[in-house]
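Q: The following comprises the amino acid sequence and a computationally predicted model.
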Amino acid sequence: MRRKDFIKTTLLSAAAFTIVPRHVLGGKGYIAPNDHINLGFIGVGKQARGLLKGMSKLAETITVAACDVDKKKLELFTGLAKTENAAKKSAEVTAFADYRELLKRKDIDAVVVATPDHWHAQVAVDAAKAGKDIYCEKPLALTIAEGRAMVNATRKYKRILQTGSMQRSQYNFRQASELVRNGYIGDVREINVSVGEPVKQCDLPAMPVPDYLDWNMWIGPSMYRGYHPKLSPPIEDESWAMWRSYSGFGGGYITDWGAHMFDIVQWALDMDASGPVAFIPPPFSPGATNGLSYKYANGVIVNHKSWGENNAIQFIGSKGTIEVSRSFIRSTPGNIATIQIKPTEKKVYFSDNHHQDWINCIKKRILPVADVEIGHRTATVCNAVNIAYELQRPLKWDPAKEKFDDEFANIMISRPFRAPWNFNDF
């Protein structure tokens, strides 16, 4: 990072967080410099179990509470958490059926939100109100309006929120972003992103609700529909839950994997505080699942299409190309991918451990690598792509006002919430 950029970022961070950290103030619930940060997990399915392993490796963390609407998953998770705790110190893990009861615990410093997407905004806003720092899985929000509410609540209550876009803490994507920013492939002309299909309507038949599952609470703020095991698989089923594919609960693979890959596009183009200005679906073709493009104000075009690799990005410039995924980074000419960025060149935020970065930022009260605003801007791109696919017409987008030029598209920026839930109540 250049010296003037470092100074600017430091000043912005200081302005954003004027609150004195608890470990400086002392008093009830404070984090002592060498003490543990007490974590509560909200949503403890398959993804949460992976997060538990990662978080438990950090010296500063201890899991003290967990919440889920599935009693079997909750029992499994609390047992795993106790085992992880035993390596550090003896600590009980309290189980909750209602996350609001967990948030009342004054000794909980931060929460890990790994619920289905339709719960993210409500839980994160309530956590911020309760004074908890937050790790929220990607995609940050199910709608554009929910993402903005999460940013506003996080800022209002001076919380630290790390979005689970952990590719920002991996070498391949950091290297690709710095190579693009420093012009090693010349002027970026086009970017191809291969991720799966847009969201679709849920057509699963209703089935009897298992006695260990609070289905009404699982639905929460979304419109009610009957239970199906694909939406909330039983603990014996180790496949990924497919709520992510269906409207009202997820955003399809446009938000599921798009929240990773479109996020790196935002990062490489230095658009973390902004976004595209136009979304162009493929020529009228009902049911189209790829072929959409979106454009930035500087003229860069991003295509959602298969280009030969799954869940990967292809940057095409005037002097070469860079292709990147979790398993490779390569380029044309071939030497570009391995170039070492000089200290005097443009640098992105460095993090090589996404969970540790969150904990460090909690202690220092500074913005993490995937801050809530970053997570919101990426989720906005994903949600806008879904909206354009659904409406099947070109849309102009104002990233400053966060509005479309289309009245129907603007209706889709938000969604109805069932009573008593209200993500804007903060």
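A: It's in.

Q: Only the C-alpha atoms, please, for the longest helix anywhere in the chain, written as CSV.
A: Looking across the chain with DSSP state H, the single longest helix is helix 372-391. This file holds the C-alpha atoms of helix 372-391, laid out as CSV (Å, rounded to 0.1, in the frame of the first residue of the first chain):
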residue,chain,number,x,y,z
VAL,A,372,-19.8,-5.2,5.8
GLU,A,373,-19.8,-2.5,3.1
ILE,A,374,-17.7,-4.8,0.8
GLY,A,375,-20.0,-7.7,1.5
HIS,A,376,-23.0,-5.6,0.8
ARG,A,377,-21.6,-4.3,-2.5
THR,A,378,-20.8,-7.8,-3.7
ALA,A,379,-24.2,-9.1,-2.7
THR,A,380,-25.8,-6.2,-4.5
VAL,A,381,-24.1,-7.2,-7.8
CYS,A,382,-25.3,-10.8,-7.3
ASN,A,383,-28.9,-9.7,-6.4
ALA,A,384,-29.0,-7.3,-9.3
VAL,A,385,-27.9,-10.1,-11.7
ASN,A,386,-30.8,-12.2,-10.5
ILE,A,387,-33.2,-9.3,-10.9
ALA,A,388,-32.1,-8.7,-14.5
TYR,A,389,-32.4,-12.4,-15.3
GLU,A,390,-35.9,-12.5,-13.9
LEU,A,391,-37.2,-9.3,-15.6
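
Q: What residues sit buried inside it?
A: 372-391 (16 or more other C-beta atoms under 10 Å). Bear in mind the C-beta positions are built from the backbone N, C-alpha and C, glycine included.

Q: what's the closest non-adjacent residue to the residue in the chain sticking out farthest from the centre?
A: Relative to the mean C-alpha coordinate of the chain, counting by C-alpha atoms, centre = their mean, the farthest residue is Pro333 (33.0 Å). Leaving aside its chain neighbours, Pro333 sits nearest to Gly320 (5.7 Å; criterion: C-beta to C-beta, 6 or more residues apart in numbering).

Q: quick one: the longest helix of the chain to chain centroid distance?
A: Distance of helix 372-391 from the chain centroid (C-alpha atoms, centre = their mean, to the nearest Å) equals 12 Å.

Q: residue contacts, the residue nearest the centre of the chain?
A: The centroid of the chain falls nearest to Lys138 when counting by C-alpha atoms, centre = their mean (2.5 Å). Shown in contact with Lys138 (C-beta atoms under 8 Å, 6 or more residues apart in numbering): 163-165, 259-260, 263, 375, 378-379.

Q: which residues of the stretch 51-200 of the chain score low on pLDDT?
A: Under the criterion pLDDT under 70, no range of the stretch 51-200 of the chain is flagged.

Q: Which parts of it are strands?
A: For the stretch 51-200 of the chain, the strands defined by DSSP state E, counting those that start in this stretch occupy 61-67, 94-96, 110-113, 133-136, 161-163, 188-194.

Q: Switch these over to JSON lines; also include distance to Ala87.
A: Output for these, formatted as JSON lines (distance: least, C-beta to C-beta, whole Å):
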{"stretch": "strand 61-67", "distance to Ala87": "10"}
{"stretch": "strand 94-96", "distance to Ala87": "19"}
{"stretch": "strand 110-113", "distance to Ala87": "18"}
{"stretch": "strand 133-136", "distance to Ala87": "21"}
{"stretch": "strand 161-163", "distance to Ala87": "23"}
{"stretch": "strand 188-194", "distance to Ala87": "40"}
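
Q: mind listing what Pro281 touches?
A: 288, 291-292, 388-389, 391-394.

Q: how about these, which pair is most distant?
A: Gly291 and Leu391 (14.7 Å; C-beta to C-beta).

Q: Can you list the residue ranges for helices in the protein?
A: Under DSSP H, the chain gives helices at 3-16, 22-25, 46-56, 71-86, 99-103, 120-129, 144-156, 171-181, 215-219, 252-256, 258-268, 354-364, 372-391, 407-411.

Q: ok, Pro282 touching Asn303?
A: No - when contacts are counted by C-beta atoms under 8 Å, Pro282 is not listed as touching Asn303 (10.1 Å).

Q: Mutual contacts of these two, please.
A: 291-292.

Q: Settle it for me: which of those two has more neighbours?
A: Between Pro282 and Asn303, Asn303 has the larger neighbour count (other C-beta atoms under 10 Å), namely 19 against 16.

Q: Quick check: the nearest residue to Arg225 once chain neighbours are set aside vs Ala297, distance?
A: Of all residues not flanking Arg225 in the chain, Cys202 sits nearest, at 6.4 Å (C-beta to C-beta, 6+ apart). The gap separating Cys202 from Ala297 is 36 Å, by C-beta to C-beta, to the nearest Å.

Q: Also Val348?
A: 21 Å.

Q: quick one: which of the two has more around it?
A: Regarding Val348 and Ala297, a neighbour count based on other C-beta under 10 Å identifies Val348 as having more, with 21 against 12.

Q: residues touching the more buried one, list them.
A: Val348 makes contacts with 174, 177-178, 181, 267, as judged by C-beta under 8 Å, 6+ apart.
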